[in-house]
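Student: Quick one, what's the 3D model for this:
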Amino acid sequence: EYEDMGRPVVVADNPRIALPLRPTLLRRAVRNLIDNALRYGKTAAVSVNQKGSDAIICIEDEGPGIPAQQISAMLEPFQRGAASRNRKTGGAGLGLTLARAIAEQHGGLLTLTNRPEGGLRAEIRLSLA
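Tutor: The predicted structure follows:
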């Protein structure tokens, strides 16, 4: 849907992975992560892969990332990075918290890591078991 709106989102040619999940909730989590990638990194690359017994939804951007010491705090409610404290980017600081809660409701995990080449990588890891 982002591609249809002309937004700079690239979706990898991914294998189909079937999971029992609540699609509306998972779609909300992925949208939150893509929105953040577009807001702070200007682009979003989305992929879905299987690693062992897990399905991994990955959203990567080319932005500044998050200082390592702030990553865990950014998953808490109402936390916003310094770059988001202006009218241009806005936000209430709930997108990552909601994405994490949705991942956990599905028995999964949301992780954020800075990419060595720059940008942020957000992963939702869901068990296939």
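Student: rest of the way, CA atoms for contacts and neighbours
Tutor: Will do.
Student: so what's the residue positioned nearest the centre of the chain up against?
Tutor: The centre of the chain sits closest to residue 33, judged by C-alpha atoms, centre = their mean, with a distance of 3.1 Å. For residue 33, the contacting residues are 59, 95, 96, 99, 122, by C-alpha atoms under 8 Å, 6 or more residues apart in numbering.
Student: Now do it against residue 52, distance only.
Tutor: Relative to residue 52, residue 33 is positioned 23 Å away (C-alpha to C-alpha, to the nearest Å).
Student: leaving aside the residues next to it on the chain, what's closest to residue 95?
Tutor: Leaving aside its chain neighbours, residue 95 sits nearest to residue 32 (5.3 Å; criterion: C-alpha to C-alpha, 6 or more residues apart in numbering).
Student: Please identify which helix or strand holds the one you found.
Tutor: helix 23-41 (DSSP states H and E).
Student: Which positions in the next helix or strand after that helix come out as buried?
Tutor: Using DSSP H and E, the helix or strand that follows helix 23-41 in sequence is strand 44-51. Within strand 44-51, the residues that qualify as buried are 44, 45, 46, 47, 48, 49, 50, counting by 16 or more other C-alpha atoms under 10 Å.
Student: and strand 44-51, what does it pack onto?
Tutor: strand 9-11, helix 23-41, strand 54-60 (3 or more C-alpha pairs under 8 Å, 6 or more residues apart in numbering; DSSP states H and E).
Student: okay, and for the chain, where does confidence drop off?
Tutor: Residue ranges of the chain with pLDDT under 70: 76-93.
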